[in-house]
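Novice: From the sequence below, what's the structure:
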Amino acid sequence: MKLGNFFVEYPASYSLIGFFILVFFAGQNDVSLTHRWMLSSWQIKNRKQYYRLLSTGFVHDGIIHLLLNGVGIYYFATIVESMVGSIFTLLIFLISVLGGSLFSIWMRRNESDYQALGASGGVLGLLMCAVMWFPEIQLGLMFIPIPIPGWIFCILFNLGSIVFSQTADRNRISHEGHLGGALFGGVIGYAILTLFARIGMDEASHPDGAIMTIPFESWGLFWFGVFPILLFGVLSWIRPQWLYRK
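Specialist: Just a heads-up that it's a prediction; the model follows:
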């Protein structure tokens with residue numbers, strides 16, 4: 001995108017980061033902003049404040065929280081934007097935030113007022129798409145000095161989030177928000193990848209003559225990193241007594 005004499009390669013990604021920062025500093029001057037925008041199941045159910053399902057993705061609990069999500073957008077949203085463009089990148093982010101909110105409310109529906117905030121659901125959705133489309137990506141954490149294949153990292157992260165959602169850690173981190181974002185983003189990423197593969201099968205092939213297929217890593221990420229989240233949500237419906245024990 002050309003803005004005056006400057007060319008911005010990833011306008012959607014940088015706009016998200018800029019808006020995060022703008023909202024964060026606005027919240028420093030208006031302490032009620034975060035409370036008005038954060039996810040609150042009570043406010044949504046009783047006062048019909050449905051905007052919180054999306055606005056929660058733009059408020060953060062401190063500078064470290066903001067920094068982590070900003071870095072996530074910088075690395076993964078730009079990859080997605082290079083693949084599908086600015087509008088679809090924003091749509092994937094918003095749908096993933098919405099998915100994180102809805103999944104959180106569903107899983108924690110027995111709590112009188114479940115609250116959460118942050119862009120993590122949207123970041124996880126973009127991460128899933130990035131790794132689905134570019135399975136050669138390597139990822140790691142500060143306490144894992146050696147990067148591992150991105151698809152394995154995402155599988156471990158999602159399965160770990162399911163486990164941690166059943167511990168006392170759930171009172172500190174919205175693992176359900178991460179899982180919901182990964183679920184919606186993962187489904188979108190796999191659906192688009194499948195569409196590209198079918199177009200390749202019907203209309204074109206690679207220069208070496210091989211028909212486009214879905215990489216094993218992307219297939220594995222969907223079935224072992226995305227599908228278990230759906231099963232987790234179904235389990236919450238058919239056997240709720242097994243989950244969220246004190």
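Novice: Quick check: R239 vs L231, distance?
Specialist: 11 Å (CB to CB, to the nearest Å). Bear in mind the C-beta positions are built from the backbone N, C-alpha and C, glycine included.
Novice: now swap in L67 and tell me
Specialist: The gap separating L67 from L231 is 33 Å, by CB to CB.
Novice: pretty sure G180 is in contact with I95, am I right?
Specialist: No: using CB atoms under 8 Å, G180 makes no contact with I95, being 10.4 Å away.
Novice: The two: which has the busier surroundings?
Specialist: G180 (29 against 19; other CB atoms under 10 Å).
Novice: so what's the backbone phi/psi at the residue lying closest to the more buried one once chain neighbours are set aside?
Specialist: Take G180 and drop its neighbours on the chain: the residue closest to it by CB to CB, 6 or more residues apart in numbering is F103, 2.7 Å away. When read as degrees, to the nearest 10, the backbone of F103 gives phi -70, psi -40.
Novice: what's the answer for E136, then?
Specialist: phi -80, psi 0.
Novice: Now do it: how many residues are near it, please.
Specialist: By the measure other CB under 10 Å, the count of residues near E136 is 10.
Novice: The residue nearest to L117 when sequence neighbours are not counted and F224: what is the separation?
Specialist: Using CB to CB, 6+ apart and skipping residues adjacent in sequence, the residue nearest L117 is M38, 3.9 Å away. From M38 across to F224, the span is 32 Å (CB to CB).
Novice: repeat for M107
Specialist: M107 is 20 Å from F224, by CB to CB.
Novice: Contacts only, for the residue nearest to Q115 when sequence neighbours are not counted.
Specialist: Sequence neighbours aside, S40 is the residue nearest to Q115 in space, at 5.2 Å (criterion: CB to CB, 6+ apart). By CB atoms under 8 Å, 6 or more residues apart in numbering, the residues touching S40 are Q49, R52, D113, Y114, Q115.
Novice: Give me the contact list for stretch 84-92.
Specialist: 1, 10-13, 16, 77, 80-81, 125-126, 129, 185, 188, 192.
Novice: Just the buried ones from those, in ChimeraX syntax?
Specialist: Applied in ChimeraX, the following selects the buried portion of those according to 16 or more other CB atoms under 10 Å:
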select :10,11,12,13,16,77,80,81,125,126,129,185,188,192
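Novice: quick one, helices of this structure?
Specialist: Secondary structure of the chain (DSSP state H): helices at 11-29, 32-37, 41-47, 52-55, 63-72, 78-84, 86-107, 120-133, 150-164, 175-203, 216-221, 227-238.
Novice: picking that back up, between the contacts of S40, which is nearest R170?
Specialist: For the contacts of S40, the minimum distance to R170 (CB to CB) is 10.1 Å, reached by Y114.
Novice: Do I have it right that L230 meets L183?
Specialist: Yes: if you go by CB under 8 Å, L230 and L183 touch, sitting 6.4 Å apart.
Novice: These two: which has the busier surroundings?
Specialist: Using other CB under 10 Å, the more surrounded residue of L230 and L183 is L183, with 28 against 14.
Novice: Relative to P228, how far out is the more buried one?
Specialist: Computed as CB to CB, the L183 to P228 distance reads 9 Å.
Novice: Output the below-cut-off pLDDT ranges for this structure.
Specialist: The chain contains residues with pLDDT under 70 at 1-7, 142-144, 200-212.
Novice: Output the helices of the chain as a markdown table; include the columns distance to R245.
Specialist: Putting these into a markdown table (distance: least, CB to CB, whole Å) gives the following:
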| stretch | distance to R245 |
| --- | --- |
| helix 11-29 | 35 |
| helix 32-37 | 30 |
| helix 41-47 | 20 |
| helix 52-55 | 27 |
| helix 63-72 | 28 |
| helix 78-84 | 37 |
| helix 86-107 | 14 |
| helix 120-133 | 25 |
| helix 150-164 | 13 |
| helix 175-203 | 15 |
| helix 216-221 | 30 |
| helix 227-238 | 13 |
